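Q: give the three-dimensional model of this entry:
(one chain, ligands or ions: 1)
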Amino acid sequence: MGILAGVDLGGTNIEAALLSEQGKVMSHITHPTGADEGYGRVMENIISAVKKIKKDKEIEAIGLCSPGIIDVDQGICRFAGNLNFNNVQLRRPIEDAFSVPVFVENDVNAAALGEWRFGTGKGTDNFILVMLGTGVGAGIITDGRLLHGKSNATAEIGHTIVEKDGLFCNCGGRGCLEMYSSATGIVRMMKQYLMKGNYSSVTADIQGDWDRLTAAMIAQKAAAGDKLSQQVIREAAEYLGVALVNYVNTFNPEMVAIGGGVAKAGDILTQPVKEFISSRAMEVQANDVSVVLSSLGEDAGTIGAAAVAIESIKTVKDL
Ligand SMILES: [Zn+2]
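A: Residues are numbered from 1 along each chain as shown. All right, here's what the predicted structure looks like:
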């Protein structure tokens, strides 16, 4: 296999990289997405980003990951709220521009494939990646294969119910994990404690402007010993633990990796998750699983997109 291009389409930026088949990033650029200028402009921007990174080099295939619900077979984005996409072709315009195979995948699934093939999940057959950011998503690899489901809408761990009559969620449900363990959920929880008159050193940093409060700030304060921040992160981690016990009992993974912005909290986040799983999951499944932080960092998106291309080419060759 030759050089691959990996493209990570985000709401604000397109990250494009050239990678070896070992997942090594050879070069990388960032290009604005231009989502507010519509679908046509976004596709032009993707093509222009790949042209810039490719220069005169030959590439074997292009992997593209996008937020939203992706029809992997048809190369279509069925829906992506932050890009304002509804049933748009992602694959064909890029294939037409470069005359190489193009493979598309949901961004969290792609990140899971990347982390499994080239990151901390390497060597496992049963692996789950959970991404904790503004939302909460996951990708599941079972018996060496990424799970897709009928509409490529599996592993919506953010909408796993962790409180039967809990907070109302955008999905129409109640008590979803995302309401408690996402960056947004963590900020909401902290605001509630502060409103009740609890003390945290974050109040000095935000100087009365509660809109300045971020999950990253709370994670930092927790690491520096702020008791209320530690409690908030711990509660978020325990809700994640509830969801993960169900995943661990259902999928019997060898490893669960946690990534995304909130994962920067490190051990303060992973320790309660580990404790919850070891005390509440079934014995065999609890003993089988290790909980770790994801390892690919900034390049996770483009490495994941390249992993999608590699995986797809391998599957075709195996048929
Ligand atoms: Zn929900």
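Q: tell me who's in contact with Val102.
A: 61-64, 75, 91, 94-95 (CB atoms under 8 Å, 6 or more residues apart in numbering). Placement of C-beta: from N, CA and C, glycine included.
Q: how far away is the residue of the chain most remote from its centre from the ion?
A: No residue in the chain sits farther from the centre than Gly197, which is 34.4 Å out by CA atoms, centre = their mean. Going from Gly197 to the ion by CB to the ion, to the nearest Å gives 30 Å.
Q: can you map out the strands along this protein?
A: Listed in chain order, the strands of the chain (DSSP state E) span 4-9, 13-19, 25-32, 61-66, 69-71, 76-80, 85-89, 102-106, 127-132, 136-142, 145-146, 255-259, 290-293.
Q: now those as JSON lines including distance to Glu115 and mean pLDDT?
A: Below are the strands of the chain laid out as JSON lines (distance: least, CB to CB, whole Å; pLDDT from 0 to 100):
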{"stretch": "strand 4-9", "distance to Glu115": "14", "mean pLDDT": "97"}
{"stretch": "strand 13-19", "distance to Glu115": "15", "mean pLDDT": "96"}
{"stretch": "strand 25-32", "distance to Glu115": "15", "mean pLDDT": "96"}
{"stretch": "strand 61-66", "distance to Glu115": "13", "mean pLDDT": "97"}
{"stretch": "strand 69-71", "distance to Glu115": "18", "mean pLDDT": "95"}
{"stretch": "strand 76-80", "distance to Glu115": "22", "mean pLDDT": "95"}
{"stretch": "strand 85-89", "distance to Glu115": "25", "mean pLDDT": "97"}
{"stretch": "strand 102-106", "distance to Glu115": "13", "mean pLDDT": "97"}
{"stretch": "strand 127-132", "distance to Glu115": "5", "mean pLDDT": "96"}
{"stretch": "strand 136-142", "distance to Glu115": "8", "mean pLDDT": "97"}
{"stretch": "strand 145-146", "distance to Glu115": "11", "mean pLDDT": "96"}
{"stretch": "strand 255-259", "distance to Glu115": "6", "mean pLDDT": "97"}
{"stretch": "strand 290-293", "distance to Glu115": "10", "mean pLDDT": "97"}
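Q: make a markdown table from the ones you listed and add distance to Ile218 to it.
A: Below are the strands of the chain laid out as a markdown table (distance: least, CB to CB, whole Å):
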| stretch | distance to Ile218 |
| --- | --- |
| strand 4-9 | 27 |
| strand 13-19 | 25 |
| strand 25-32 | 28 |
| strand 61-66 | 29 |
| strand 69-71 | 31 |
| strand 76-80 | 28 |
| strand 85-89 | 32 |
| strand 102-106 | 28 |
| strand 127-132 | 13 |
| strand 136-142 | 16 |
| strand 145-146 | 32 |
| strand 255-259 | 16 |
| strand 290-293 | 18 |
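Q: now the helices for this structure?
A: Under the criterion DSSP state H, helices of the chain are mapped to 39-54, 91-98, 107-118, 178-181, 183-195, 202-206, 215-223, 227-251, 267-280, 283-288, 300-318.
Q: so which of these gets nearest Arg145?
A: helix 300-318 (9.0 Å; CB to CB).
Q: list the helices and strands the closest one packs on?
A: Judged by 3 or more CB pairs under 8 Å, 6 or more residues apart in numbering; DSSP states H and E, helix 300-318 is in contact with strand 4-9, strand 13-19, strand 25-32, strand 61-66, strand 102-106, helix 107-118.
Q: near the ion, which residues of the stretch 101-250 of the chain?
A: 159, 169, 171, 173, 176 (CB under 5 Å from the ion).
Q: count of neighbours near the first one?
A: Spelled out, that is His159. 19 (other CB atoms under 10 Å).
Q: what's the answer for the one 10 residues further on, then?
A: Using other CB under 10 Å, Cys169 has 16 neighbouring residues.
Q: next, it: phi, psi?
A: With angles defined as degrees, to the nearest 10, Cys169 sits at phi -110, psi 160.
Q: excluding chain neighbours, what is closest to it?
A: Nearest non-adjacent residue to Cys169, counting by CB to CB, 6 or more residues apart in numbering: Cys176, 4.0 Å away.
Q: what pairs with that neighbour across the strands?
A: Residues in a beta bridge with Cys176, per DSSP bridges, are Ile161.
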